[in-house]
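> I need the structure of the sequence given here:
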Amino acid sequence: MAEQIIPKRRHPSSGYALPESLRRYGVSLRDWERFTEQFIRADICDTPQLLTLAALGLVTQLPIIMTSAFALRAAPLTYFGLMGLLITPTRYLFKHVNLERYYKLGYLDDWIDEWNKRYFWPKGLHVKFAMPKQQTPDASVVAKKKAFSDGYEKPMTTKRAARRGRLVVTYGVALPWAGEVPLEMSLIKKSRLHDFYDKQNARYNALIDRLGQKNGKSVYKDRR
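Below is the predicted model of the structure:
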């Protein structure tokens, strides 16, 4: 049996939730987060790209600064719409280019090979990474949890899931106690600018989580 785990949102940088099927094989949340961190880092923007996005934002804000208050009240959505039209596709392009570069350079394959040998294979698992547009029709898609309830969303079709970078897991005989984490493997380095962004994002998520907890349920929402 094989399953494909899609990102929490559109891109690998949003992370991958740990499905219950992997928990039954002895995969802990801590180990899973360390394993998936490499794919998150391969999909983030570097410093020049972040500065480019900031420059695009500044350029699209100039009409707002230079326009009178009357014109701004008359058509504010025009300027903010323009900003979204420029920044969002550019950011998606940067992320795809980075992911493809690290994939071609072997960073992801080397990472997975070592984790398979040391951690997943002993547990009876095999994991591989499928790039966007790579088809894996024989693997079902793991359903994602709903944001504001304990239920699950309808599983995504394999054709739609193929638009995303996925982790494809093949299941064998379960040996939950086996395997060890390859701690000597080094992660892709992040820029200081992105470290700062991650810290601010974590603070935002923690605040939303505290404010949105109702009846013991978390409404955590990752913005990446």
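> next, the closest residue to Lys154 other than its chain neighbours: phi, psi?
Ranked by C-beta to C-beta, 6 or more residues apart in numbering and with sequence neighbours excluded, the top spatial neighbour of Lys154 is Ala143, at 7.0 Å. Just so you know, the C-beta spots here come from the backbone N, C-alpha and C atoms, and that holds for glycine as well. Note on Ala143: backbone dihedrals following degrees, to the nearest 10 are phi -70, psi 140.
> what bits of the protein have low per-residue confidence?
58-86, 146-151, 190-202, 204-224 (pLDDT under 70).
> all strands for it, in order.
In chain order, the chain shows strands spanning 2-5, 125-130, 140-141, 166-171, with DSSP state E as the criterion.
> in JSON lines, list those strands along with distance to Asn98 and mean neighbour count.
JSON lines is the format used below for those (distance: least, C-beta to C-beta, whole Å; neighbours: other C-beta atoms under 10 Å):
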{"stretch": "strand 2-5", "distance to Asn98": "20", "mean neighbour count": "20"}
{"stretch": "strand 125-130", "distance to Asn98": "14", "mean neighbour count": "19"}
{"stretch": "strand 140-141", "distance to Asn98": "24", "mean neighbour count": "18"}
{"stretch": "strand 166-171", "distance to Asn98": "17", "mean neighbour count": "20"}
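> redo those strands as CSV? Include distance to Glu184.
As requested, these are arranged in CSV below (distance: least, C-beta to C-beta, whole Å):
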stretch, distance to Glu184
strand 2-5, 25
strand 125-130, 19
strand 140-141, 33
strand 166-171, 22
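> coming back round to it: ok, the residue nearest to Lys154 - contacts?
Contact analysis of Ala143 by C-beta atoms under 8 Å, 6 or more residues apart in numbering lists Tyr152, Glu153, Lys154, Pro155.
> and Ser13, by the same measure?
Neighbour list for Ser13: Pro7, Ile40, Asp43, Ile44, Lys95, Arg224 [criterion: C-beta under 8 Å, 6+ apart].
> of those residues, which is the nearest to Met185?
Distance to Met185 across the contacts of Ser13 (C-beta to C-beta) is lowest for Ile40, with 14.8 Å.
> distance of that closest one from Glu180?
Computed with C-beta to C-beta, to the nearest Å, the distance linking Ile40 and Glu180 is 22 Å.
> now do Arg30
Separation of Arg30 from Glu180 (C-beta to C-beta): 13 Å.
> from Met156, how far off is the residue nearest to Lys154?
From Ala143 over to Met156 the distance is 8 Å, taken as C-beta to C-beta.
> can you report phi and psi for the nearest residue to Ala162 once chain neighbours are set aside?
Spatial nearest neighbour of Ala162, excluding adjacent residues (C-beta to C-beta, 6+ apart): Gln135 at 5.5 Å. Note on Gln135: backbone dihedrals following degrees, to the nearest 10 are phi -90, psi 140.
> what about Gly106, neighbour count?
Under the neighbour criterion other C-beta atoms under 10 Å, Gly106 is assigned a count of 10.
> that one and Glu114: what is the separation?
Gly106 is 12 Å from Glu114, by C-beta to C-beta.
> cool, Lys123 as well?
Going from Lys123 to Glu114 by C-beta to C-beta gives 15 Å.
> so for the two, which residue has more residues nearby?
Counted by other C-beta under 10 Å, Lys123 and Glu114 do not tie: Lys123 has more neighbours, with 20 against 13.
> surely that one and Tyr25 touch.
Yes: the pair formed by Lys123 and Tyr25 meets the contact definition of C-beta atoms under 8 Å, at 4.9 Å.
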